[in-house]
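Enquirer: sequence first, predicted coordinates after that:
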Amino acid sequence: MNISRRNFLGGMAAVGLIDLTPKLNKAQVFGGQRRIVAGPGRSMLMNSGEKLTDLWLYNNSLPGPEIRIKEGELLDVYFQNKLTTPTTIHWHGVKVPNAMDGVSGLTQPAVEPGEAFSYKFRIFEPGTYWYHAHTMGWEQVARGLYGPLIVEGVKDFETDHDITMMVDDWRLDKDGQIDEASMGSLHDWAHRGRLGNWLTINGKSQFRTSVKINSRIRLRLINSSNARILKLKLTGGVGLRVSLDGNPSNLASISKFELGPAQRIDLLLDVGTEPLFLHDLSSREKILAGIIEPSSHLGRGIVKRDPLIPNRLESTPSNLKHAKRLKVHMQGGARGNLSHASFNGENYSIRHLARFEKKVWAFNGIVGTYEHELGEVKRGDIVILDVFNDTAWPHAMHLHGHDFWIRSSKQLNDHHVDVKRDTYLMDPKEKAELIFLADNPGQWLLHCHMLEHMASGMGAVISVL
Ligand code: C2O
Ligand code: CU
C-alpha cells in the first residue's frame, strides 16, 4: 500500500478498511435499492402561487419519483407507509411475480401505517408503465398516490428528449383542496366514476417543458385519472405512435387520440422551432394541458430524424381451437339491466346492494370480490376472455400480470390486431375477445380501471395454476 493511500485513510484501523471496501459494485449491478415513502404531502396544483393542495404522495412528490431502469434490471423498492391508512403499490402493466403485484387482500396483506414492504422483481419488457396504490385505489389514487415507471429498451428509439407526461384530473373544491364531500359518491360510482374539474400534467396545470430546436422527442403519456377518458389533441406537430400500454404498436401518424384510465401511449415527435400544444377535449371546454417549447438556448437536436423501421409485433395465436374461454358478462350501473346479483354468496336486489353495500356492478351476475373466481387456467393455456359490456357506460378493462390481444365487434380503427395491451377501453354494448397467454402463475385481477367501478363490483380473479 502506498503512503498517500494510507494517509487518506488516516488513523483508521484495518477493520475500517474492510468496511470501506465499496459495496458499490453490487449496488450498480442490481440497480440499487430505492426507497419509496407514502405519506401526506402538498403540491401546487392551482396556479395561484399560494394555494397548496393537501394530498397523499410518494416521496412528497407529484407525480411520485420517476423510476427509470433498463430492461432486464432488478427493481428493488423498500416501501414505507407513513399514511394513517393501509396501502400497497401495484406496478401497472409489469409482468411481476404474483406476490409482488400489490393487491392487498389477494396477493399480499396491506402495509399498515408505520410498516414497510419490499418489492423486488426483474423487469424484462421495455415500455411505459406506472405504479399506483392498490388499496382503496379509488381514494388513494385520487389523492395523488401514483408515479411513472419507465423501462428503457437495450435497443430503443434514439431521441434527443424522453418526456413522461402523467395526465390527471382532480376534483377540487373552491379552496383548491380535494373535494372531500364528493369522495365516494354513489352517484359517481353508478355513472362514469369520479370525474375531476382540474387537469394537470405531472401535477402542473398548463405544464410546460423546453426542448432543443429541431429535436426528436419521445412523449410518454400516461392517464392516471380515476375515471376520465382523455381526448387529447396535438397541434403544431404530428405524433408517430410507437407504443401502447408499454407494448410495441404498429406505427401510425396521429394528432388526436383517446386515452382511457391507466392506458399509455408513446409518440415520437420531430419538433422544429415552433411550440407544440396538447389540448384535452374530453370536457365541455377545450383545456390547454401542456406546451412543448423548442428553445435555442438548449441548442439543436443531434439525433438523425430518419424514418423508423416498423415495430416487430407478436402475432395473435392463430390456432384458438384449444383456447380456454371465460365469459365475462358486464352488467349494472345507472340505466342498466341488472336487477339482482349475488354478493358474498347471497342473492340480492340491485337496489338493496346499492343502498346497503354500495355495490352496483357485476360480472356474470356476481358482484366482484376477490372471492369471485372467473376461472382457473393452466400455465401455458391460451385464454379468451369473452367480454360483453352490457351496460350503458364505457369501461377500461385491465388484466393484471399479462397483456392481451384484442378482437372486437368495434372497428379498432388504425389499431392493428396484433398489438397487445393491458387495458382496453370498451364502448357500451361492445363485445370483445381479450386473448392472452397465461404464462404467469398466480391469482390475477381482471377489473375496470374506472376505480369507482372496481370498488362497486367490477372485478374478478383469474387463477393461473
Ligand atoms: Cu392499475 Cu388493478 O390496476
Ligand atoms: Cu368501468
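Expert: Structure's in. What do you need? Treat the numbers as computed from the prediction; the structure is a model and nothing was measured. Numbering: from 1, shown residues only. Ligands and ions are numbered 1, 2, ... in the order given.

Enquirer: near ligand 1, which residues of the stretch 151-300 of the chain?
Expert: Residues of the stretch 151-300 of the chain lying near ligand 1 by C-beta under 6 Å from any ligand atom: A262. C-beta: built from backbone N, CA, C; applies to glycine.

Enquirer: and the residue of the stretch 151-300 of the chain that's closest to ligand 1?
Expert: Closest to ligand 1 within the stretch 151-300 of the chain is A262: 4.7 Å, counting by C-beta to the nearest ligand atom.

Enquirer: likewise for the stretch 51-200 of the chain?
Expert: For the stretch 51-200 of the chain, C-beta to the nearest ligand atom, closest residue to ligand 1: H92, 3.6 Å.

Enquirer: how about that residue: what's its closest non-neighbour residue?
Expert: W130 (5.1 Å; C-beta to C-beta, 6 or more residues apart in numbering).

Enquirer: need the contact list for the residue of the stretch 151-300 of the chain closest to ligand 1.
Expert: Counting by C-beta atoms under 8 Å, 6 or more residues apart in numbering, A262 touches H92, W130, N223, S224, A396, H398, D422, T423, H449.

Enquirer: now do the SS call for the fifth one.
Expert: The three-state label for A396, taken from DSSP: H, G, I helix; E, B strand; the rest coil, comes out as strand.

Enquirer: residue numbers of this protein in contact with ligand 2?
Expert: Proximity of the chain to ligand 2, by C-beta under 5 Å from the ion, involves residues H395, C448, M450, H453.

Enquirer: so which of these is surrounded by the most neighbours?
Expert: Counting neighbours by other C-beta atoms under 10 Å, M450 comes out on top of these with 34 neighbours.

Enquirer: wouldn't that one be in contact with G193 here?
Expert: Yes. Here M450 reaches G193: they are 3.9 Å apart, a contact under C-beta atoms under 8 Å.

Enquirer: show me where the stretch 201-350 of the chain has its helices.
Expert: Assigned by DSSP state H, counting those that start in this stretch, the stretch 201-350 of the chain shows helices spanning 350-352.

Enquirer: and E139, what helix or strand is that in?
Expert: Using DSSP states H and E, E139 maps to helix 137-140.

Enquirer: what's in contact with the helix or strand following that helix?
Expert: Following helix 137-140 in sequence order, the next helix or strand is strand 146-152 (DSSP H and E). Contact with strand 146-152 is made by 58, 61, 63-71, 73, 75, 91-92, 94, 123, 125-133, 162, 164, 166, 168, 220, 222, 224, 246, as judged by C-beta under 8 Å, 6+ apart.

Enquirer: can you read off the pLDDT for W56?
Expert: Note for W56: predicted pLDDT of 98.

Enquirer: just give the nearest non-adjacent residue to it, would you?
Expert: R143 (4.1 Å).

Enquirer: so who does that neighbour touch?
Expert: L55, W56, I178.

Enquirer: and the residue nearest to the last one when sequence neighbours are not counted, what's its pLDDT?
Expert: Using C-beta to C-beta, 6+ apart and skipping the chain neighbours, the partner closest in space to I178 is R143 (6.1 Å). Per-residue pLDDT puts R143 at 98.

Enquirer: tell me the spacing between R143 and R216.
Expert: As defined by C-beta to C-beta, to the nearest Å, R143 lies at a distance of 36 Å from R216.

Enquirer: then G93?
Expert: Where R216 is concerned, G93 sits at a distance of 25 Å (C-beta to C-beta).

Enquirer: for the top strand by length along the chain, the averaged confidence score.
Expert: Counting residues, the longest strand found in the chain (DSSP state E) is strand 287-300. Strand 287-300 shows a mean pLDDT of 97.

Enquirer: give me the nearest residue to the residue in the stretch 151-300 of the chain that ligand 2 sits nearest to, chain neighbours excluded.
Expert: Per C-beta to the ion, the residue of the stretch 151-300 of the chain with the smallest distance to ligand 2 is G193, at 6.7 Å. Spatial nearest neighbour of G193, chain neighbours left out: A227 (2.7 Å); criterion: C-beta to C-beta, 6+ apart.

Enquirer: what's around that neighbour, how many residues?
Expert: For A227, using other C-beta under 10 Å, the count is 28.

Enquirer: what sits against it?
Expert: D188, R192, G193, R194, L195, P261, M450, L451, E452, H453 are the contacts of A227 under C-beta under 8 Å, 6+ apart.

Enquirer: do the same with I36
Expert: Y58, N59, G64, P65, V77, Y78, F79, Q80, I89.

Enquirer: how near is it to ligand 2?
Expert: 28 Å (C-beta to the ion, to the nearest Å).

Enquirer: what angle separates the strand or helix carrying that residue from strand 146-152?
Expert: Using DSSP H and E, I36 maps to strand 33-43. Interaxial angle, strand 33-43 versus strand 146-152 (axes from the mean of the first three to the mean of the last three C-alpha atoms, to 10 degrees): 140 degrees.

Enquirer: tell me which strands strand 33-43 pairs with, and in which orientation.
Expert: strand 53-58 (antiparallel), strand 74-81 (parallel) (DSSP bridges).

Enquirer: now these in a markdown table, with distance to R241 and mean neighbour count?
Expert: What follows is these, written out as a markdown table (distance: least, C-beta to C-beta, whole Å; neighbours: other C-beta atoms under 10 Å):
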| stretch | distance to R241 | mean neighbour count |
| --- | --- | --- |
| strand 53-58 | 29 | 21 |
| strand 74-81 | 26 | 18 |
